[in-house]
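>>> Sequence below, structure please.
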Amino acid sequence: MTQSTENSAEQETLNAAPFAFKPYENDHQSLQIGELVFENQTDRVIAYGDIEITKNEQGLSEALKLQQLFNLIVAELQSAKQAGNFTQDSNKQGLLDNQDSFSKEVDNPFS
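Model (predicted):
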């Protein structure tokens, strides 16, 4: 494959149709790239799993998909910031901190 053919194949991948996944639009979409799963929520995008980006065609394809997804996420966040539409921080960490104040130590029943 020549350099110009490789560049045009890469460009085709970059110009591929956008994902059906629309970040922050609903609570029912998910997208999987490799073993990495992205779940959509209206106030967050949750990612879990893992991915191996190998130095071959599959690795390039997965990296370009990740790039496209993150570009969509960043664009939506920038748009929300400009419009003043950031959601309130509903960080679950804060909820766990509040629960700690209601917890108590118990004896280990196995000792």
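>>> Was I right to think residue 46 contacts residue 36?
No: Residue 46 is beyond contact range of residue 36, at 11.2 Å (criterion: Cβ atoms under 8 Å). Where you see a C-beta, it was placed from the backbone N, CA and C, and this is true even at glycine.
>>> Settle it for me: which of those two has more neighbours?
The neighbour comparison of residue 46 against residue 36 (other Cβ atoms under 10 Å) goes to residue 36, with 18 against 10.
>>> the longest helix in this protein is where?
Ranked by residue count under DSSP state H, the longest helix found in the chain is helix 57-83.
>>> can you pull the buried residues of it?
In terms of neighbour count (16 or more other Cβ atoms under 10 Å), helix 57-83 has its buried residues at 60, 61, 62, 65, 66, 68, 69, 72, 73, 76.
>>> Now tabulate these in TSV and tack on pLDDT and distance to residue 84.
Below are these laid out as TSV (pLDDT from 0 to 100; distance: Cβ to Cβ, whole Å):
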residue	pLDDT	distance to residue 84
60	96	38
61	95	37
62	96	35
65	96	31
66	97	29
68	95	27
69	96	25
72	95	20
73	96	19
76	95	14
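>>> what number of residues lie near the nearest residue to residue 59 once chain neighbours are set aside?
Leaving aside its chain neighbours, residue 59 sits nearest to residue 53 (4.6 Å; criterion: Cβ to Cβ, 6 or more residues apart in numbering). By the criterion of other Cβ under 10 Å, residue 53 has 15 neighbours.
>>> any idea which element residue 53 lies in?
Using DSSP states H and E, residue 53 sits in no helix or strand.
>>> correct me, but it touches residue 63?
Yes: using Cβ under 8 Å, residue 53 is in contact with residue 63, at 5.3 Å.
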